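J.: what follows is a protein structure lacking sequence information:
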């Protein structure tokens with residue numbers, strides 16, 4: 001949260017790498033388009049009357065089609081090797097990149113099960129019109145325009 005607040009008032013980009021920078025820039029641009037009353041895609045949250053969450057945290061990561069998914073959110077792909085859990089023999093920690101660009105460190109079983117249809121939620125079926133893991137193109141940092149409102153924050 002502190003990074004978001006400081007980033008809103010800074011005139012310079014962060015000195016180091018930012019996790020999920022493309023996703024953060026995309027969502028900031030999307031929020032700006034919402035502010036301008038433009039049509040934008042939105043995230044389809046699970047229908048809480050129909051969705052059945054996994055019984056345990058370890059079951060939240062599962063197999064779907066030929067890949068992985070985080071139940072109730074999105075399809076995912078591994079972005080690094082699994083890290084052994086020190087407390088449970090059959091558990092691992094795994095960095096995943098969700099199909100809309102967010103990275104998550106998830107605890108999962110070594111042999112993931114299939115995500116049931118009841119756990120999938122509608123977001124696994126119709127999140128983005130573009131292909132999986134494809135974020136819309138966005139301006140590079142040097143091309144980003146600073147609005148008068150942003151300049152007044154400093």
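T.: Ah, there it is. Keep in mind that this is a model prediction, so the values were computed, not measured.
J.: helices of this structure, start to end?
T.: Per DSSP state H, the chain carries helices over the ranges 2-9, 21-35, 117-120, 148-152.
J.: quick check: which ranges of the chain have low pLDDT?
T.: 1, 116-154 (pLDDT under 70).
J.: quick one, strands of it?
T.: Along the chain, counting by DSSP state E, strands occupy 61-64, 67-70, 74-78, 83-84, 91-98, 103-109.
J.: reformat the ones you listed as CSV; add mean neighbour count and distance to residue 46.
T.: C-beta coordinates here come from the backbone N, C-alpha and C atoms, glycine included. Listed next are the strands of the chain as CSV, based on neighbours: other C-beta atoms under 10 Å; distance: least, C-beta to C-beta, whole Å:
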stretch, mean neighbour count, distance to residue 46
strand 61-64, 20, 15
strand 67-70, 21, 12
strand 74-78, 21, 11
strand 83-84, 12, 28
strand 91-98, 19, 14
strand 103-109, 17, 16
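J.: taking the centroid of the protein, which residue is nearest it?
T.: residue 102 (2.4 Å; C-alpha atoms, centre = their mean).
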